[in-house]
Structure formats: C-alpha cells, structure tokens
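**Student:** A structural model of the following input is requested.
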Amino acid sequence: MTRIRSAEATDASALASLAARTFTDTFAHHNDPADMKAFLAQAYGERQQREEISDPDIVTLVVEEGDELAGFAQLRRGPAPPSINGTGAVEIWRFYVERSFHGRGLAQALMAEVRSVARSLGARTLWLGVWDRNARAIAFYEKSGFRVVGNHRFMLGRDEQNDLLMESVQSS
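**Tutor:** Residues are numbered from 1 along each chain as shown. As a prediction, the model looks like this:
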C-alpha cells in the first residue's frame, strides 16, 4: 500500500539513507567519486535531513510503500531565479523515487501531492533545476507539464554542472 505524507523528525535517518542512495543511483556513473562523496556528505546527512524537516520554508514529503520509504520530494520557498516567469513560485528542490519502485506510478502520485501541497502554500508556479544530462528526469518533468525556461550552474563537489531550469504554472 502506497502512502504519501509529510516527513517527521523520526524519518531523518531513513530519509538520509534514501536520499544518498537515490542520488548515487542517479548520478554516480557520470561523476567523479570524490565529487560525489563531498556532495553527499554536505547534502544528505541525518542531521541535515532533520534540519530540513524542521525548516518552515521546506516541506518534505515521503512516499511509503508498505513499511519502506520508496521516494521523497522537497519543496522550498524562497526567491526564484530571474528566468522563472510565473508568480507565487515554489521550488521542487528534490524529487526522487527509489529505482526498485520505478514503473509503479509512484512518481506521478508524488508529483500530484507536490502540486497539492504547493497550492496550499499559495504557489501558482512550480520550478526546479534538473541536470541537463538527466534525460529520464527531463522527460518526466516535461510529461508533468514543465517547460525549460533557462539554466543555472550546480556545483557537485568541485565540478560545475549545467542544470536546466523548468517551470510549470499551476491550474487553479
């Protein structure tokens, strides 16, 4: 049974593990191991996840499949880059589904919940950054109604990478 809910402080350890695993599965084969290690240590530790879960400007959603975390998304309030044209913008900061759960509709269900939560935050526009070499994610976001509106730089360890900026205007 699939359940999507807001993360709690007690999820920090499992979320840190899931986040590191999904990020590694997605990006390790394209990146230097030292850069991956540096980024993972900075972005996905248990303490970091606990802080993000309690941050009032971040909403962390987790997907449970049975008693296992199968995915997560984080929405972040804050200023949007200039290329984001829509009003009331909220960022989809992170969006991952565990590889073993791909093809089961979990990503679509999570995106629907992300949109619902964003609307409850007053967001009229969702935006995100996605690595320009992540074709699978780009295709998913395009299928979910996002379009490319610009780009920005993303640092993975010492490696400067190009992220596409994508936005989607929410229907009322």
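
**Student:** from the centroid of the chain, which residue is nearest?
**Tutor:** R94 (1.4 Å; C-alpha atoms, centre = their mean).

**Student:** separation between that residue and G66?
**Tutor:** Going from R94 to G66 by C-beta to C-beta, to the nearest Å gives 22 Å. Just so you know, the C-beta spots here come from the backbone N, C-alpha and C atoms, and that holds for glycine as well.

**Student:** still on that earlier bit, so what pairs up with the residue nearest to the centre of the chain in the strands?
**Tutor:** Using DSSP bridges, the bridge partners assigned to R94 are Q74.

**Student:** any stretches of this protein with poor pLDDT?
**Tutor:** 172 (pLDDT under 70).

**Student:** which residues of it fall in helices?
**Tutor:** For the chain, applying DSSP state H gives helices covering 12-27, 33-43, 46-54, 106-120, 135-143.

**Student:** and the first one, what does it pack onto?
**Tutor:** If I follow you right, that is helix 12-27. Under the contact definition 3 or more C-beta pairs under 8 Å, 6 or more residues apart in numbering; DSSP states H and E, helix 12-27 sits against helix 33-43, helix 46-54, strand 68-76, strand 89-97.

**Student:** tell me the buried residues in stretch 17-36?
**Tutor:** Buried residues in stretch 17-36, counted by 16 or more other C-beta atoms under 10 Å: L18, A19, A20, R21, T22, F23, T24, T26, F27, N31, D35, M36.

**Student:** rewinding a little: closest one to A12 among the helices and strands packed on helix 12-27?
**Tutor:** Across these, A12 has its closest neighbour in helix 46-54 (3.9 Å, C-beta to C-beta).

**Student:** list of residues touching that closest one?
**Tutor:** Applying C-beta atoms under 8 Å, 6 or more residues apart in numbering, the contact partners of helix 46-54 are 7-9, 11-13, 15-16, 19, 42, 58, 60, 74.

**Student:** between the helices and strands packed on helix 12-27, which one is nearest to G103?
**Tutor:** Here strand 89-97 is closest among the helices and strands packed on helix 12-27 (C-beta to C-beta), at 9.6 Å.

**Student:** can you give the distance of stretch 146-156 from its chain's centre?
**Tutor:** With C-alpha atoms, centre = their mean, to the nearest Å as the basis, stretch 146-156 stands 13 Å off its chain's centre.
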